[in-house]
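Colleague: 3D, please:
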Amino acid sequence: MRLYVEAPLTEGARVAPPTPQAHYLLHVMRRKAGDRVQLFNGRDGEWRAQVADVSKRSCVLTCEARTAPQKQVPDLWLVFAPIKKTPADYVVQKATELGVSRLQPVFTRRTIVTRVNGERMLANAIEAAEQSGRVSVPEIREPRDLEKLLRDWPTERFILFCDEAGDAPPIADALAAAPKGPWAILTGPEGGFDPAERGVIRALACVTPVSLGERILRADTAALAALAIWQAVKGDWR
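Modeller: Predicted structure coming up:
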């Protein structure tokens, strides 16, 4: 069992998990005093810890030894238009498993969803990191308007623009010829990008437009397909 905590992790450190996490550990997973769990905080690697000082609603986890060093995922952002609750949860979970470093919701002209629950996104990302063996949790950013986001975009970061218009090169071919460096994958809402938005995006020098094939993909499918191909060509699947 793995748990994400915010406390520093060193040999002998005593970590008191918050009440909901302690409840999950003690009453859902049925851990008892003397049992062991794995802890990570995104900074200090993964640590084996022993459950101690157990009460009905709390416990202490005592760090014994580091079992894995801190590893960094590739410097890859997913910039995506928010979608309905269940697909959005799925995107956050699977993008975390696929190794993104940042999740950036973006509002486009055709985005239907108008509110994003950042706490829910973080909870889904933490759960996915715990289950997938990651020793970090992706950064969750506040939603931004697309035009404002692009106006402030760091010029050194390339954008892989998943363009549904069909007049861009296949994603794998484009990535094979693309430069190294920090990247972001940009995917649109369920209705696609507005033509004016497409023009603004494609006018940026840092943008590489790509096609995801002949079939029409759902917004959540497109995001995860692009992440998988990027990891295979440019990321840590190589």
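Colleague: which parts of the helix or strand containing Gln131 are buried?
Modeller: Assigned by DSSP states H and E, Gln131 falls within helix 118-132. Neighbour-count burial for helix 118-132 flags 121-122, 124-130 (criterion: 16 or more other Cβ atoms under 10 Å). Yep, even glycine has a C-beta here, placed from its N, CA and C like the rest.
Colleague: distance from the chain centre to it, please.
Modeller: 8 Å (Cα atoms, centre = their mean, to the nearest Å).
Colleague: and for stretch 206-222?
Modeller: 18 Å.
Colleague: stretch 174-188 too?
Modeller: With Cα atoms, centre = their mean, you get 16 Å for stretch 174-188.
Colleague: and for stretch 56-74?
Modeller: Using Cα atoms, centre = their mean, the offset of stretch 56-74 from its chain centre is 20 Å.
Colleague: endpoint to endpoint, it covers what distance?
Modeller: 41 Å (Cα to Cα, to the nearest Å).
Colleague: ok, stretch 13-23 next?
Modeller: 21 Å.
Colleague: Arg66 looks like it's in a strand, true?
Modeller: Yes. Counting by DSSP: H, G, I helix; E, B strand; the rest coil, Arg66 falls inside a strand.
Colleague: quick one: it and Arg43 touch, right?
Modeller: No. At 11.9 Å, Arg66 does not count as touching Arg43 under the criterion of Cβ atoms under 8 Å.
Colleague: distance of His27 relative to Cys63?
Modeller: With distances taken as Cβ to Cβ, to the nearest Å, His27 is found 23 Å from Cys63.
Colleague: neighbour-wise, which of these two wins?
Modeller: When His27 and Cys63 are compared for neighbours, Cys63 comes out ahead with 21 against 11, by other Cβ atoms under 10 Å.
Colleague: pLDDT on the helix or strand where the more buried one lies, on average?
Modeller: Assigned by DSSP H and E, Cys63 falls within strand 60-68. For strand 60-68, mean pLDDT rounds to 98.
Colleague: just give the nearest non-adjacent residue to the residue nearest to the spatial centre of the chain, would you?
Modeller: Taking Cα atoms, centre = their mean as the criterion, Thr96 is the residue nearest the geometric centre of the chain, at 3.6 Å. Spatially, and ignoring its direct neighbours in sequence, Thr96 is nearest to Ala128 (3.8 Å; Cβ to Cβ, 6 or more residues apart in numbering).
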